[in-house]
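*Asks:* Only the shape, not the letters, is given here:
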């Protein structure tokens, strides 16, 4: 539904950028905002030379001598505006005020009447307080006229004392109109339309199957999709070549033991997969919703057949392969001396959650500790300083190192 804004936005030559907060990276400041803007900068880097010069002038004019604040947050921005001079160290409050001002100037440079900007941030229930404060500032800025913010969150995970709830209560008092859209489960008619579209049967023929699908899933969209895939994989529905139509085993479908817990169902599905593929998914789940193949390779001793294993997960629609636009742009500009790495993301955060649940509870902290130690040993932080957050995230989730200090 979010992507319905694409068509009207494209007609106005606007830009759509998106980021997603991650459950296990709540202590990383501005994580989703950084993700959104890094992808936008990658888009800039793919433009022709004339357009790149145009963006460079606009951004440099907006940032002045404060560009270091943004290149520290968005490293690939340096490929457009060049290396920036270090800035004087300020106190905590002064530093935050300076950053918020410069960041606001940057967004104003990107969002204009000629090119309006829409920012979508997903999973706001996991947002850190600094990100929420920055987003609030952008929304309240009276000079930011061509910027539109869309946020998504799970309302069952946001309490009355959650910072997001407090902001929602405050914004209307400050004159900001908020439009809330509550997504409900699918109605029976919606499920029947999906069944008809999937199997090409008439409305009367599809009603029985739609009743079973709806009864087993209660209209949960993710469940509906997974249930239909599951019954096909288990040959409870099949294409009758002689009759030229789909048919199904009603008795088998009705006796299907389909759990009402999304994560539990996905755990069962992942448990039945090839062991090597399952291992990659569990390790990847510890990294985040998105991960690159280089990082996944760093955290294991023998990363043989890694691409093949991940490709199997892509075929199963558990992962989605993405292009690393930032690195591709660096290669094209001659600023990157290795091949661009592959980036993957979990097709749904419930899939990642299920993969993470496959790790025994008592082992989780040990796994994170090992990952953090692997990354610390293999990443050159002088050349890649922004990766320090990846390392710290893992070590924070890991177990404290054993010492003999109290002997």
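*Replies:* Ah, there it is. What you see is a predicted model; the values in this text were computed from it and never measured.
*Asks:* Now do residue 298: how many residues are near it, please.
*Replies:* 15 (other C-beta atoms under 10 Å). Every residue, glycine included, has its C-beta placed from N, CA and C.
*Asks:* which residue sits closest to it in space, ignoring its chain neighbours?
*Replies:* residue 378 (4.9 Å; C-beta to C-beta, 6 or more residues apart in numbering).
*Asks:* what about that neighbour, neighbour count?
*Replies:* Residue 378: 12 neighbours (other C-beta under 10 Å).
*Asks:* got it, and residue 182?
*Replies:* Neighbour tally, residue 182, other C-beta under 10 Å: 5.
*Asks:* try residue 226
*Replies:* 21.
*Asks:* which residue sits closest to it, ignoring its sequence neighbours?
*Replies:* That would be residue 265: by C-beta to C-beta, 6+ apart, it lies 6.5 Å from residue 226.
*Asks:* wait, is that neighbour part of a helix?
*Replies:* Yes: assessed by DSSP: H, G, I helix; E, B strand; the rest coil, residue 265 belongs to a helix.
*Asks:* quick one: pLDDT of it?
*Replies:* Predicted confidence (pLDDT) for residue 265: 78.
*Asks:* How about residue 281, nearest residue that isn't a chain neighbour?
*Replies:* residue 355 (4.3 Å).
*Asks:* Helix, strand or coil: sort out the one you found for me.
*Replies:* Going by three-state DSSP: residue 355 is helix.
*Asks:* Show me the helices in the stretch 251-400 of the chain, by range?
*Replies:* 262-271, 275-287, 293-298, 306-315, 325-332, 349-357, 361-378, 388-397 (DSSP state H, counting those that start in this stretch).
*Asks:* and of these, who's closest to residue 122?
*Replies:* helix 349-357 (8.7 Å; C-beta to C-beta).
*Asks:* for that closest one, the distance to its chain's centre please.
*Replies:* 13 Å (C-alpha atoms, centre = their mean, to the nearest Å).
*Asks:* Please apply the same query to stretch 302-321.
*Replies:* With C-alpha atoms, centre = their mean, you get 18 Å for stretch 302-321.
*Asks:* burial of residue 117, as a residue count?
*Replies:* Neighbours of residue 117 (other C-beta under 10 Å): 20.
*Asks:* Excluding chain neighbours, what is closest to it?
*Replies:* residue 111 is the one closest to residue 117 (C-beta to C-beta, 6+ apart), at 3.7 Å.
*Asks:* tell me the contacts of that neighbour?
*Replies:* Counting by C-beta atoms under 8 Å, 6 or more residues apart in numbering, residue 111 makes contact with 117, 144, 146, 147.
*Asks:* shouldn't the third one be in contact with residue 118?
*Replies:* No: distance between residue 146 and residue 118: 9.8 Å, which falls outside the contact criterion (C-beta atoms under 8 Å).
*Asks:* Looking only at neighbour counts, state which of those two leads.
*Replies:* Taking other C-beta under 10 Å, residue 146 and residue 118 do not tie; residue 118 has more neighbours (20 against 17).
*Asks:* Within the helices and strands, which one has the more buried one?
*Replies:* Element membership of residue 118, judged by DSSP states H and E, is strand 117-122.
*Asks:* Quick check: next helix or strand after that strand?
*Replies:* helix 129-140.
*Asks:* So which residues make contact with that next one?
*Replies:* Under C-beta under 8 Å, 6+ apart, the answer for helix 129-140 is 21, 29-33, 96, 100, 103-104, 107, 121, 124, 127, 144, 147, 149, 151, 163-164, 167, 170-171, 174, 176.
*Asks:* What residues sit buried inside it?
*Replies:* 130, 131, 132, 134, 135, 136, 138, 139 (16 or more other C-beta atoms under 10 Å).
*Asks:* Can you show me the strands along the stretch 51-200 of the chain?
*Replies:* For the stretch 51-200 of the chain, applying DSSP state E, counting those that start in this stretch gives strands covering 117-122, 147-151.
*Asks:* remind me which residues of the stretch 151-300 of the chain are low pLDDT?
*Replies:* The model of the stretch 151-300 of the chain has pLDDT under 70 over residues 258-261.
*Asks:* Quick check, pLDDT for residue 334.
*Replies:* So, for residue 334, pLDDT stands at 45.
*Asks:* my bad, residue 20
*Replies:* Confidence score, pLDDT, at residue 20: 88.
*Asks:* What distance do you get for the closest residue to it other than its chain neighbours to residue 393?
*Replies:* Among residues not flanking residue 20 along the chain, residue 122 sits closest, at 4.2 Å (C-beta to C-beta, 6+ apart). Between residue 122 and residue 393 the computed distance is 19 Å (C-beta to C-beta, to the nearest Å).
*Asks:* Next: residue 142.
*Replies:* 36 Å.
*Asks:* Any chance of TSV for the strands of the stretch 51-200 of the chain, columns distance to residue 196?
*Replies:* Formatted as TSV, the strands of the stretch 51-200 of the chain follow (distance: least, C-beta to C-beta, whole Å):
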stretch	distance to residue 196
strand 117-122	30
strand 147-151	31
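*Asks:* Out of the ones you listed, the one nearest residue 292 is which?
*Replies:* strand 117-122 (19.5 Å).
*Asks:* Packing partners of that closest one?
*Replies:* strand 15-20, helix 31-45, strand 147-151 (3 or more C-beta pairs under 8 Å, 6 or more residues apart in numbering; DSSP states H and E).
*Asks:* Any idea how far apart the tips of stretch 142-159 sit?
*Replies:* One end of stretch 142-159 to the other measures 29 Å (C-alpha to C-alpha, to the nearest Å).
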